[in-house]
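Undergrad: Sharing a sequence plus its predicted fold:
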Amino acid sequence: MPYIERSISEVLKKRVSQSKCTLITGARQVGKSTLIRHIFPDYNAVSFDDRLTRVQAKEEPVLFFMNNPCPLFIDEVQKESSVLEEIKLIADKSDDRGLFILSGSQRLELMKGISESLAGRVSISELSGLSAREIKGIGFNKEFCPNETYLSEREKELIPFDNIWEIIHKGFYPELYDVERDWHDFYSSYVSTYLERDVNELIAADSITFTKFLTATAARTGELLNYSNIANDIGVSLPTVKSWISVLERTGIVYILQAFSPAALKRAIKTPKLYFRDTGLACYLTRWLTADALKNSAVAGNMFETFVVSEILKSYTNAGKDYRFNIFFYRGKDKRSSSENEIDLIIEENGVLYPVEIKMTGNPNARMLSTASVLDNVAGKKRGAGVIVCLIDKKMYLQDDLIALPVEYL
């Protein structure tokens, strides 16, 4: 299959043209190196996966940069972050833009090194796995926000997702779409490589225990993050599980969605939710081996929700936007009963809170988002129209301020 154009390409080209250094982060195998080599073919390129290259960069940095002149792309730069000081010196001596493109799969380690050495000198972007838009060849590249402007523009490039469960089950790593790669073989190799090359550099754990941990975590995608529950399942300590979850987040395997809990919502639960970044990996770890089995399983709802959340996050990163301060969820106690109410996602934009419900149904109704009125209590914010992202085949108004949306609108 030919190269799949990545939505972030134009954003990245602009940032490279305006910055001396550009950093792109993302999990292993999401296509960082392929993307850079495709849109910046004239750059020299080295990878710090190669031990000898790392040794030279560490012990002879001046010689290393003489042998690898700018413009230079350094892959997996976090493996030898000492070069960041030399990059700073080179950048400070030049007025040129686009001197360095750096990439890495351990975000927090990179952020620490960048903040210490390249503060104010680097533009940072995040690359996720393929989006459904990219897989379908859709050029629309704005972040998901269910306002009138977004919906009207998105409708101009709608393509049916007839095989949605096959996409969810297959996952979003580019290699699965580049070649006829066996699904089981790819994920088996990915987990093994990930354990050997990344995780073992960050933690001390035997592969069997850690694989059990990955499986236990994948089984909880779309749920409130309960560290104790996972620790009890696999027989390790609570601090160990917290540390390992942190590793998964830092290396782009999971996303921790924070709760929306302003002072006005006194009964809000502050526990975050956990989502796997890639549904295919979550399916492999939990042994849902076919799309049909997944579709009819007890976890189908959680996998569908994981897919929707992941696609929304991708829409932000591909548009060059930071989602961390815009996307939350809400769960709180209803003072009139003992039940808990939840809003799957709250998207904040320009002081407006848009409630989003995610339902694996073809028959949505207004009761599914009846909790949205709780947002009226948040001072200084307005409540926007709510949406229910579901499996219907066309957009449908359920109320004047509530729309049921097909997944094609993501």
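TA: Nice, thanks for sending it over.

Undergrad: Double-check E342 against A372; I have them as touching.
TA: No. Between E342 and A372 there is no contact, the gap being 10.8 Å when judged by CB atoms under 8 Å. From N, CA and C alone the C-beta is placed, and that goes for glycine too.

Undergrad: Settle it for me: which of those two has more neighbours?
TA: Neighbour count, other CB atoms under 10 Å: between E342 and A372, A372 has more, with 24 against 13.

Undergrad: And the pLDDT at D334?
TA: In this prediction, D334 carries a pLDDT score of 53.

Undergrad: ugh, wrong one, G113
TA: As predicted, G113 sits at a pLDDT of 58.

Undergrad: can you tell me which residues contact K79?
TA: Applying CB atoms under 8 Å, 6 or more residues apart in numbering, we find K79 in contact with 48-49, 54, 104.

Undergrad: among the residues you listed, who's most crowded?
TA: G104 (24 neighbours).

Undergrad: Setting aside sequence-adjacent positions, which residue approaches that one most closely?
TA: Closest residue in space to G104, ignoring its immediate chain neighbours: Q78 at 4.1 Å, by CB to CB, 6 or more residues apart in numbering.

Undergrad: repeat for P364
TA: Nearest in space to P364, with sequence neighbours left out and distances taken as CB to CB, 6+ apart, is A404 at 4.2 Å.

Undergrad: And Y150, by the same measure?
TA: Counting by CB to CB, 6+ apart, K142 is the residue found nearest to Y150 once chain neighbours are left out, at 6.4 Å.

Undergrad: Check whether the one you found really touches K156, as I assumed.
TA: No. With contact taken as CB under 8 Å, K142 and K156 are classed as non-touching, separated by 11.4 Å.

Undergrad: Show me which of the two is the more surrounded one.
TA: Set side by side, K142 and K156 show unequal neighbour counts under other CB under 10 Å, the larger going to K142 at 15 against 7.

Undergrad: hang on, that one is in a helix, isn't it?
TA: No. Residue assignment for K142, taken from DSSP: H, G, I helix; E, B strand; the rest coil, gives coil, which places it outside any helix.

Undergrad: Please render the contacts of K79 as a markdown table that adds distance to V254 and secondary structure to the earlier fields.
TA: As requested, the contacts of K79 are arranged in a markdown table below (distance: CB to CB, whole Å; DSSP: H, G, I helix; E, B strand; the rest coil):
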| residue | distance to V254 | secondary structure |
| --- | --- | --- |
| F48 | 24 | coil |
| D49 | 23 | coil |
| R54 | 28 | helix |
| G104 | 18 | strand |
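
Undergrad: Which residue ranges of the stretch 51-200 of the chain form strands?
TA: 72-75, 100-104, 122-126 (DSSP state E, counting those that start in this stretch).

Undergrad: mind listing what's buried in the shortest one?
TA: So that's strand 72-75. Of the residues in strand 72-75, those buried under the neighbour-count criterion (16 or more other CB atoms under 10 Å) are 72-75.

Undergrad: next one: stretch 76-91
TA: By neighbour count with 16+ other CB under 10 Å, stretch 76-91 contains the buried residues 76-81, 83-84, 87-88, 90-91.

Undergrad: Check stretch 299-308 too.
TA: Within stretch 299-308, the residues that count as buried by 16+ other CB under 10 Å are 299-300, 302-308.

Undergrad: Give me the domain ranges for this structure.
TA: The record's domain parsing of the chain by automatic domain parsing lists 9-126, 132-409.

Undergrad: Dump these to a markdown table, plus distance to Y3.
TA: Formatted as a markdown table, the entries for the domains of the chain read as follows, by distance: least, CB to CB, whole Å:
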| stretch | distance to Y3 |
| --- | --- |
| domain 9-126 | 6 |
| domain 132-409 | 8 |
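
Undergrad: which strand in the chain runs the most residues?
TA: The strand spanning the most residues in the chain, taking DSSP state E as the definition, is strand 340-349.

Undergrad: Tell me where the model's unsure across the stretch 101-250 of the chain.
TA: Scanning the stretch 101-250 of the chain for pLDDT under 70 picks out the ranges 106-120, 195-201.

Undergrad: can you map out the helices along it?
TA: Using DSSP state H, counting those that start in this stretch, the helices assigned to the stretch 101-250 of the chain run over residues 107-117, 132-135, 148-154, 164-170, 175-178, 183-197, 207-218, 227-234, 238-250.

Undergrad: Which one of those lies nearest to W288?
TA: Across these, W288 has its closest neighbour in helix 164-170 (7.0 Å, CB to CB).

Undergrad: Could I get the full set of strands for the stretch 301-410 of the chain?
TA: Shown for the stretch 301-410 of the chain, the strands assigned by DSSP E, counting those that start in this stretch span residues 327-333, 340-349, 352-358, 382-383, 386-390, 396-399, 402-406.
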